[in-house]
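S.K.: From the sequence below, what's the structure:
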Amino acid sequence: MTVPVLDVNDLSISFIQYQAGMRQRMLQVISDLNASIQGGEILAVVGSSGSGKSLLAHAILGILPKNAFVSGSILYQGQLLSPERQKKLRGREIALVPQSVNYLDPLMRVGAQVRTAVRRGNPPEEQRKAFQRYGLAAQVEGLFPFQLSGGMARRVLVSTAVVSGARLIIADEPTPGLHPEVVAEALNHLRQLADEGCAVMLITHDIGTALAVADQIAVFYAGTTVEVAPAADFQGQGETLRHPYTKALWRSLPQNDFIAIPGFQPSPYCLPAGCLFAPRCVMKTDRCLTAKPGMRDLRGGRVRCDHAS
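M.R.: Predicted structure coming up:
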C-alpha cells in the first residue's frame, strides 16, 4: 500500500464554553474519528447535520476557532500536519471547495479571484485554461459573483482549487440546491480531479450523491466514524454493510425501504456513556451502554461495533 495523501487517526475536538458564573466546561463534538484517502480516490463523508463532517474539514485546514482543543493526529503524505504546515499548505497543496458560493468576494471580478490562487505558471493563462475546462465562456472572467448562476459559481470555486495545483481537495457540500444536471456536472469535475491523481474528500449528507462518484464511504454519527466501506457495498438491502446505523441509513432512502429508525442523533451536550448509537440500536447489550467500541477491520472495510460480523 502507498502512503495515503491524508490519514486522520483518533481525532477528537473539544471547545471551551462558559456557563453561568464564568465557569468553564469542555464540550466534545468529535471523538476518536478516523479517515484515510489515497491519491486518485474520492472518500465521501456522509452523515446527518451535526455529525462532525464540516468540523473535520476545518481541522484538516487548520481553521478551527481559537477555543478548540484537538487531539489525535492528521498526517498529510505521511507527515504530521502541524499548524505551521497547515498554514503553508492551505490554498496550495490542500484546497477547499466551500459549501457556500458566498466565499466569493462580491466586489471582485471572478477571473481576478481565480488568478490569485495560481501557484505555478502564468496566472491569467492558468485561469483561462481552467474556465475553458469547466465550460465557462471567456467573458465570465469579467463578471462579478452576483452575475453568475449557481452552477457557474460552483465551477468558479472548483477552478480556484484546480489552479492551486492542490493534491488534496476538500469539497464541503458542493451541490446543495442545484439542478440535478448541475449536480452531475459538479460531481464529474471532482471525479476528473481524482482520476488525475488528486485525493478528494466529498462532504455530503446525501448518500445517493456520494455513490455517484465515490470510491469509499465514511459514515459519521454524533462526531465519530462508525463505518468506512467501499461504495460497492451499498446495494440491495444493505447485507454487505457492517454497522447497524449504516444499514438503517441505507434502508431509509426513498429508493429502498424508506423506513426511519426511532430516536435521534444525540447532542454533544448529552452523549451516551458507551456506544454513541446504542440508545437506538436493536443489537445493543449491557456492554454497549458502558463501553465505547473501537474501530476494527472487517470484510474489506472498517467498523466501530463489537457485534458487526
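
S.K.: how about the helices of the chain, start to end?
M.R.: Under the criterion DSSP state H, the chain contains helices at 53-61, 83-89, 110-115, 123-133, 150-163, 180-195, 207-211, 244-251.

S.K.: could these go into CSV alongside mean pLDDT?
M.R.: As requested, the helices of the chain are arranged in CSV below (pLDDT from 0 to 100):
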stretch, mean pLDDT
helix 53-61, 93
helix 83-89, 95
helix 110-115, 96
helix 123-133, 93
helix 150-163, 88
helix 180-195, 86
helix 207-211, 88
helix 244-251, 94
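
S.K.: which one of these is the most hemmed in?
M.R.: Among the helices of the chain, the stretch with the highest mean neighbour count (mean count of other CB atoms under 10 Å) is helix 150-163, at a mean of 23. Quick note: C-beta positions are derived from backbone N, CA and C, even for glycine.

S.K.: packing partners for it?
M.R.: On a contact count with 3 or more CB pairs under 8 Å, 6 or more residues apart in numbering; DSSP states H and E, helix 150-163 meets strand 94-97, helix 110-115, helix 123-133, helix 180-195.

S.K.: Adding distance to residue 283, write those out as JSON lines.
M.R.: Below are the helices and strands packed on helix 150-163 laid out as JSON lines (distance: least, CB to CB, whole Å):
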{"stretch": "strand 94-97", "distance to residue 283": "37"}
{"stretch": "helix 110-115", "distance to residue 283": "50"}
{"stretch": "helix 123-133", "distance to residue 283": "48"}
{"stretch": "helix 180-195", "distance to residue 283": "34"}
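
S.K.: Which of the ones you listed sits closest to residue 59?
M.R.: Nearest to residue 59, of all the helices and strands packed on helix 150-163, is strand 94-97, at 11.7 Å by CB to CB.

S.K.: just to revisit the earlier point, can you tell which of the helices of the chain is closest to residue 69?
M.R.: Of those, nearest to residue 69 by CB to CB is helix 53-61, at 11.1 Å.

S.K.: How are the strands of this protein distributed by residue range?
M.R.: Ranges of strands within the chain are 6-18, 24-37, 42-46, 68-76, 79-80, 94-97, 168-172, 199-204, 216-221, 224-230, 296-298, 301-303, based on DSSP state E.

S.K.: and those as a markdown table, adding mean pLDDT, mean neighbour count and distance to residue 236?
M.R.: Conversion of these to a markdown table gives the following (pLDDT from 0 to 100; neighbours: other CB atoms under 10 Å; distance: least, CB to CB, whole Å):
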| stretch | mean pLDDT | mean neighbour count | distance to residue 236 |
| --- | --- | --- | --- |
| strand 6-18 | 93 | 17 | 30 |
| strand 24-37 | 91 | 18 | 26 |
| strand 42-46 | 96 | 26 | 18 |
| strand 68-76 | 95 | 16 | 35 |
| strand 79-80 | 96 | 9 | 41 |
| strand 94-97 | 92 | 26 | 32 |
| strand 168-172 | 94 | 25 | 28 |
| strand 199-204 | 95 | 26 | 22 |
| strand 216-221 | 96 | 26 | 15 |
| strand 224-230 | 96 | 23 | 14 |
| strand 296-298 | 96 | 12 | 18 |
| strand 301-303 | 97 | 23 | 16 |
